[in-house]
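Student: Quick one: sequence and predicted model below, then my questions.
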Amino acid sequence: MLEQLKNRRSIRRYRDQRVDKDKVDTILKAGLLAPSSRGRRPWEFVLVDDKKTLQTLSEARAHGSKFLAQAPLAIVVAADPEKCDVWIEDASIAAIIMQLAAHSLGLGSCWIQIREREAAGGVRAEDFVKQTLSIPDKYKLLCILAIGYPDEVKEPYREEDLAYDKIHSRSF
């Protein structure tokens, strides 16, 4: 697990290659297996692999989402806040587990924050994505995961660079 965490990096450049269906299925199963508060599983995942829709979604943020237009796959992570008061935490856990699953399959991924962000012109990113994908109003959006075969290589994190000073024992 530590090796996977050291080697998983945010990938923003992808090869022009469709993600194999079995890999997509594995990633989605990993998300569905994520733990959640009281087993409520408030999340919903919207799979997007249409190039035109990916291009539109790349405009969901004023900054930080343009690279999505080149990704072969996106998973929008939404949740029903009526099911659980900690939907943000539950959806976040599911999202990172899907990113780790993607990495274990030789894929790259990058989290695009949607909650509390804006698209161009001051439009809420959440509203932009909901309108683009016809997501009902009752759902809240957390993020979009860009996924694909990496077209960039990043150095792994090094254990000697970890911020061990952030670890406290028995008191702060």
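Tutor: Good, I have the coordinates. Values in this document were obtained by computation on a predicted structure and should not be read as measured data.
Student: Okay, helices next: where are they in this protein?
Tutor: For the chain, helices defined by DSSP state H occupy the ranges 2-7, 21-32, 51-57, 87-104, 125-133.
Student: Residues contacting the fourth one, please?
Tutor: Counting contacts by C-beta atoms under 8 Å, 6 or more residues apart in numbering, the residues outside helix 87-104 that touch it are 4-5, 7-8, 23, 26-28, 30-37, 40-43, 45, 75, 77-81, 84, 108-109, 111, 115, 140, 142-143, 145, 147. Placement of C-beta: from N, CA and C, glycine included.
Student: Drop anything exposed from those.
Tutor: Among the contacts of helix 87-104, the ones that count as buried by 16 or more other C-beta atoms under 10 Å are 8, 23, 26-27, 30-31, 34, 36, 40-43, 45, 75, 77-80, 84, 108-109, 111, 115, 140, 142-143, 145, 147.
Student: Run a quick neighbour tally on F128.
Tutor: 23 (other C-beta atoms under 10 Å).
Student: Provide a list of residues in contact with the residue nearest to the spatial centre of the chain.
Tutor: By C-alpha atoms, centre = their mean, the mean C-alpha position of the chain lies nearest to L145, the distance being 2.9 Å. Neighbouring residues of L145 by C-beta under 8 Å, 6+ apart: A74, I75, V76, V77, A95, M98, Q99, A102, S109, C110, W111, I112.
Student: So which of those is the closest to S134?
Tutor: V76 (11.5 Å; C-beta to C-beta).
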